[in-house]
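Student: What follows is a protein structure lacking sequence information:
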């Protein structure tokens, strides 16, 4: 909570600086980096071929492993929303770009795991009956590195 207050205070004071990065070879991917002191907060969005994925970090230091989290919700409004550990990233500055090294692990979520709130449409058949083994959020297990070019300051 304290780090979130720090981020909000930095944004209000105008001392934070955002930069946007992308990989021209991967449409649908991008990284927004918000400077916080000598560190950063990152939001990475990517498309895995089936769906959009978003992960966000806490305040981290360049060149160091940084835990990232995905927001998992069962519908809109964000019923049962929770932060899910998603692995880690490392950001290294490289000229005008960034080297993003990642190790992501997001668990699959099935309809059987939802015990509160309304069920998303994927969890019901045409007659409204619950489909217990339907997958809502496919898992992700991927590691690698990509060089990202600066798009906008």
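Tutor: Arrived safely, thanks for sending. All figures in this text were calculated on a predicted structure; none of them were measured in a lab. Numbering: from 1, shown residues only.
Student: all helices for the protein, in order.
Tutor: For the chain, the helices defined by DSSP state H occupy 2-13.
Student: Can you pull out the low-pLDDT segments for it?
Tutor: 1-17, 48-51, 72-81, 137, 152-153 (pLDDT under 70).
Student: which residues in it form strands?
Tutor: Listed in chain order, the strands found in the chain under DSSP state E are 18-22, 30-36, 39-47, 52-57, 60-61, 66-72, 82-94, 97-106, 109-110, 135-137, 140-152.
Student: Turn those into JSON lines, including mean neighbour count and distance to residue 120.
Tutor: Every residue, glycine included, has its C-beta placed from N, CA and C. Shown next, in JSON lines, are those (neighbours: other C-beta atoms under 10 Å; distance: least, C-beta to C-beta, whole Å):
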{"stretch": "strand 18-22", "mean neighbour count": "17", "distance to residue 120": "30"}
{"stretch": "strand 30-36", "mean neighbour count": "19", "distance to residue 120": "26"}
{"stretch": "strand 39-47", "mean neighbour count": "19", "distance to residue 120": "20"}
{"stretch": "strand 52-57", "mean neighbour count": "17", "distance to residue 120": "16"}
{"stretch": "strand 60-61", "mean neighbour count": "16", "distance to residue 120": "32"}
{"stretch": "strand 66-72", "mean neighbour count": "18", "distance to residue 120": "12"}
{"stretch": "strand 82-94", "mean neighbour count": "16", "distance to residue 120": "15"}
{"stretch": "strand 97-106", "mean neighbour count": "18", "distance to residue 120": "17"}
{"stretch": "strand 109-110", "mean neighbour count": "16", "distance to residue 120": "10"}
{"stretch": "strand 135-137", "mean neighbour count": "17", "distance to residue 120": "6"}
{"stretch": "strand 140-152", "mean neighbour count": "14", "distance to residue 120": "18"}
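Student: Out of the ones you listed, which gets nearest to residue 122?
Tutor: Among the strands of the chain, strand 135-137 comes nearest to residue 122, with 5.5 Å by C-beta to C-beta.
Student: State the distance from residue 55 to residue 107.
Tutor: 14 Å (C-beta to C-beta, to the nearest Å).
Student: surely residue 65 meets residue 90?
Tutor: Yes - the pair residue 65 / residue 90 is scored as a contact, 5.6 Å apart, by C-beta atoms under 8 Å.
Student: Done for today, thanks.
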